[in-house]
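Peer 1: any chance you could fold what I've pasted below:
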Amino acid sequence: MAKIEQVELMVQDRAMHCAGCESRVETIAKRLPGVVKVKADHKTQKVTITLDIERTPAVEVRQKLELAGYRTA
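Peer 2: This next block holds a predicted model:
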């Protein structure tokens with residue numbers, strides 16, 4: 001059974017500069033199994049993700065974003 005949770009991450013160092021960055025962050029997260037919904041906002045540096053944490057834990061999403069240059073807290 002799916003265990004759906006909403007996770008909020010803050011991108012550090014104002015790494016998301018524009019709508020293109022938002023799109024890149026959303027695409028990276030959406031490619032992971034279990035991710036249901038992603039919304040990135042470069043103005044607030046916030047990424048809100050709805051995911052099945054049994055398929056992909058939040059730490060894995062953070063790792064993928066950090067590999068792409070978006071360090072999160």
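
Peer 1: what about A15, neighbour count?
Peer 2: With neighbours defined by other C-beta atoms under 10 Å, the count for A15 comes to 17. All C-beta atoms are positioned from the backbone trio N, CA, C, and that covers glycine.

Peer 1: ok, for it, nearest residue in space, not its chain neighbours?
Peer 2: For A15, ignoring the flanking residues on the chain, the nearest one in space by C-beta to C-beta, 6 or more residues apart in numbering is Y70 at 5.0 Å.

Peer 1: and that neighbour, how many neighbours?
Peer 2: 22.

Peer 1: name the element it belongs to?
Peer 2: Following DSSP states H and E, one finds Y70 outside all helices and strands.

Peer 1: give me the element I28 is part of.
Peer 2: Per DSSP H and E: I28 is located in helix 19-30.

Peer 1: tell me the mean pLDDT over that helix?
Peer 2: Here the mean pLDDT over helix 19-30 is 96, rounded to a whole number.

Peer 1: now the following helix or strand past it: average pLDDT?
Peer 2: Using DSSP H and E, the helix or strand that follows helix 19-30 in sequence is strand 35-41. Strand 35-41 shows a mean pLDDT of 97.

Peer 1: quick one: strand 35-41 to helix 19-30, angle?
Peer 2: If you take axes from the mean of the first three to the mean of the last three C-alpha atoms, to 10 degrees, strand 35-41 sits at 160 degrees to helix 19-30.
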